[in-house]
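Novice: what follows is a predicted structure for the sequence shown.
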Amino acid sequence: MPINLLPLDLARWDEHPRDLLIVSSFVDERPLRGAAGLADWRLCGRLSRLIKTDRQTGARGETMLLPPGRRLRFEKIVWFGLGASQGYPDERFKSDVAWILEVATKAGARDVALQPPGRATGIIGARRALELILDLAPDELTLSLIEDPAGQKDVAELLRHSRAERNA
């Protein structure tokens, strides 16, 4: 599976439209941060309103398909609830990512933008998230990991190494 980096920057998201934007949040993550926060801003607070009216709580297992409107250049947005942020071990991260990628695959997406669960809040490091994702990612997806500049720097070498192995 090809993995690319996508900056945590709305202008860069607009440059290359993708099939699916995946955002996630913990039940105790307020306000929304990272990719979910940027999507919320671009959608004029639609995600925040869904939280305020309890239509989306961030409870583990919760999913919601959203239209991107005219302000986000994705065909679809899927929002995943991750439960409580405390005690977020590697096993739970892997379970969440496997579930997220399964939903993306079943939705027919081929080009997916995803900020790994826990990255917006710093619960998991960028390098560790990528190491775990490399073991899980299906071959039929192109995955663009949404990362801030520090996260991009942390994973650049690992990503180059992974690409070299794939091309060898």
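Specialist: Arrived safely. Just so you know, these numbers come straight off a predicted model, no measurement behind them.
Novice: give me the buried positions along stretch 108-118.
Specialist: 109, 111-118 (16 or more other Cβ atoms under 10 Å). (C-beta placed from N, C-alpha, C; glycine too.)
Novice: so where is the protein shaky, pLDDT-wise?
Specialist: For the chain, residues meeting the criterion pLDDT under 70 lie at 166, 168.
Novice: could you say what helices and strands whatever helix or strand Val23 lives in packs with?
Specialist: Val23 is part of strand 18-25 when elements are defined by DSSP states H and E. Applying 3 or more Cβ pairs under 8 Å, 6 or more residues apart in numbering; DSSP states H and E, we find strand 18-25 packed against helix 34-42, strand 74-81, helix 90-106, strand 111-114.
Novice: which strand or helix spans the residue nearest to Cys44 when sequence neighbours are not counted?
Specialist: Among residues not flanking Cys44 along the chain, Arg71 sits closest, at 7.6 Å (Cβ to Cβ, 6 or more residues apart in numbering). According to DSSP H and E, Arg71 maps onto no helix or strand at all.
Novice: what's the burial count for Asn167?
Specialist: 6 (other Cβ atoms under 10 Å).
Novice: typed the wrong thing, it's Leu134
Specialist: Neighbour number of Leu134 under other Cβ under 10 Å is 16.
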